[in-house]
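Please work out how this folds:
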Amino acid sequence: MTTRPQPQLDDLFQHNTFLPDATPDRFHRLLDRLSQQRYSTFAALYAECFQRFEGSARLNPFFACATNLILLPVAQRRLIINDPVFRIWMALAFQHANAVLSGHTDNPSSLQGMLLELPAVLQRITQTAADHQYSNHPPIRRFNVDPLIAAATPPGYEFPEDESTRRQLERSGYSIHFFRDVVSVALSRIANTWPACYEQFRHLVKLICYLPDGTFRSCSAARYTGAILLSAKDHSILDIEESLVHETTHQLLYSLVEVCPIIDEQRAGERLFSLPWSGLQRDLQGYAHAFFAALAQVKYLERVRQRPAAEMQQAEERMLGILRGLLKALPELEACDDFSPRGRILLDNLAQEVHALRNRHAGLLSRPTTVGPRSALGMAM
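Numbering: from 1, shown residues only. Modelled structure (predicted):
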């Protein structure tokens, strides 16, 4: 797999938070690097399999599809390799390939079976794109999600397999048609409130799953990057805006970590931290994710303007509550020695933003706290 010179990666992190108000060109450079890395991984898988299984007529459908994908124009190819369904298939195929190449298994049938799923995977991705080619927003689905995504979401959410359970669950929450309208309104508000955040959403979120029976407000995970899960636990349009901003920021950090880990996993222990916003227990990776997303939420909420008085008050109270949590979390994170060198640079840059927010809202922060803790927003797994 080819790699770019490390100084380019160092430059990507210098004086940069990757959040929507940072330098936009570096966000796009991150996406370019991520796409190239994913393509290189796929090309390496193709090369290894071609070398090992050359002459195997059974795998001709895989090799034909893989060749066609490699030869696609860059823009078309990126739409596929960055699709969450393809990403999940790729991770599974690479896992099976490593087992064969490392000698952990002498039977390549599982790998071959996974490779032969590629034509169907590409067909499903193409069909989804055709069904939504005239939409400005990603698909919003209830139970009719791709089987690879349904298999990847547990333990955060388990899609019911039997039709009767699905029909019963569909009676809960709003109809998906109404939910689509609500999300559309929320996204329009995000586009008006913080256009750069909406731009990141467009690039990072490929699928929204509406799951009102979920135990979370919102949920996502690195193993199905590009898809986010939303429940019916938001009580206002502003709440949904906040959930969408929160999950977009998780997607941003998943992408960043895929390019360059921010935690030194060899040094990181099993210590758990209590999130100041919810009291939930998380490891350092989860704590860093929550901190990153919370910072984006504060930056969004302080931009809310020209809303009804009650909504403006809600936005201010939420902003202050989350900011107080950031100020409490920052010393704990700064005291951790388990960040990678570039992770430490990122944390230092984020810390500067938190200090700037504290100074900017010092007057509001000096007021007595008037609202209690709120239900956990987001489950990054």
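
Could you list the low-pLDDT ranges of the stretch 251-381 of the chain?
370-381 (pLDDT under 70).

Would you map the strands across it?
273-274, 281-282, 379-380 (DSSP state E, counting those that start in this stretch).

Can you tell me the element residue 35 falls in?
Under the criterion of DSSP states H and E, residue 35 resides in helix 24-53.

Can you show me the helices along the stretch 1-150 of the chain?
6-13, 24-53, 60-71, 74-81, 84-101, 109-115, 118-131, 147-152 (DSSP state H, counting those that start in this stretch).

need the ones you listed in CSV with mean neighbour count, can you?
In this view, the C-beta of every residue, glycine as well, is placed from N, C-alpha and C. Output for the helices of the stretch 1-150 of the chain, formatted as CSV (neighbours: other CB atoms under 10 Å):
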stretch, mean neighbour count
helix 6-13, 14
helix 24-53, 16
helix 60-71, 15
helix 74-81, 15
helix 84-101, 19
helix 109-115, 17
helix 118-131, 15
helix 147-152, 18
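
so which of the ones you listed gets nearest residue 316?
helix 24-53 (27.5 Å; CB to CB).

on contacts alone, who are the packing partners of that closest one?
helix 6-13, helix 60-71, helix 74-81, helix 84-101, helix 109-115, helix 195-204, helix 237-259 (3 or more CB pairs under 8 Å, 6 or more residues apart in numbering; DSSP states H and E).

in this protein, which residue is closest to the centre?
residue 251 (2.2 Å; CA atoms, centre = their mean).

hmm, back to that, quick one: mean pLDDT for the helix holding residue 35?
Mean pLDDT, helix 24-53: 94.

likewise stretch 129-139?
Stretch 129-139 comes out at a mean pLDDT of 85.

Distance across it, terminal residue to terminal residue?
End-to-end span of stretch 129-139 (CA to CA, to the nearest Å): 9 Å.

How far off centre is it?
Mean-position distance between stretch 129-139 and its chain equals 19 Å (CA atoms, centre = their mean, to the nearest Å).

list the buried ones in that stretch?
138, 139 (16 or more other CB atoms under 10 Å).

Contacts made by it with the rest, please.
79, 128, 183, 184, 187, 205, 206, 207, 208 (CB atoms under 8 Å, 6 or more residues apart in numbering).

Separate out the buried members of these.
Using 16+ other CB under 10 Å as the burial test, the contacts of stretch 129-139 include 79, 128, 183, 187, 205, 206, 207, 208 as buried.

Just give the nearest non-adjacent residue to the last one, would you?
Spelled out, that is residue 208. Spatial nearest neighbour of residue 208, chain neighbours left out: residue 140 (4.5 Å); criterion: CB to CB, 6 or more residues apart in numbering.

OK, contacts around that neighbour?
So residue 140 contacts 176, 179, 180, 183, 208, 209, 210 (CB under 8 Å, 6+ apart).

out of the residues you listed, which are inside strands?
208, 209, 210 (DSSP state E).

Bridge partners for the last one, pull those for me.
Read it as residue 210. residue 230 (DSSP bridges).

For it, give me the pLDDT.
95.

looking at it, it is touching residue 230, isn't it?
Yes. Judged on CB atoms under 8 Å, residue 210 makes contact with residue 230 at a distance of 5.9 Å.

circling back to that earlier point, out of the ones in strands among the contacts of residue 140, which is nearest to residue 98?
residue 209 (29.0 Å).

ok, for the closest one, nearest residue in space, not its chain neighbours?
residue 229 (4.7 Å).

try residue 324
That would be residue 365: by CB to CB, 6+ apart, it lies 7.1 Å from residue 324.

Report the contact partners of the one you found.
Per CB under 8 Å, 6+ apart, neighbours of residue 365: 320, 323, 324, 358.

Against residue 351, how distant is the last one?
Here the criterion is CB to CB, to the nearest Å. By it, residue 358 lies 11 Å from residue 351.

Can I get the helices and strands packed on helix 24-53 in CSV including distance to residue 347?
Formatted as CSV, those follow (distance: least, CB to CB, whole Å):
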stretch, distance to residue 347
helix 6-13, 11
helix 60-71, 37
helix 74-81, 30
helix 84-101, 27
helix 109-115, 38
helix 195-204, 20
helix 237-259, 12
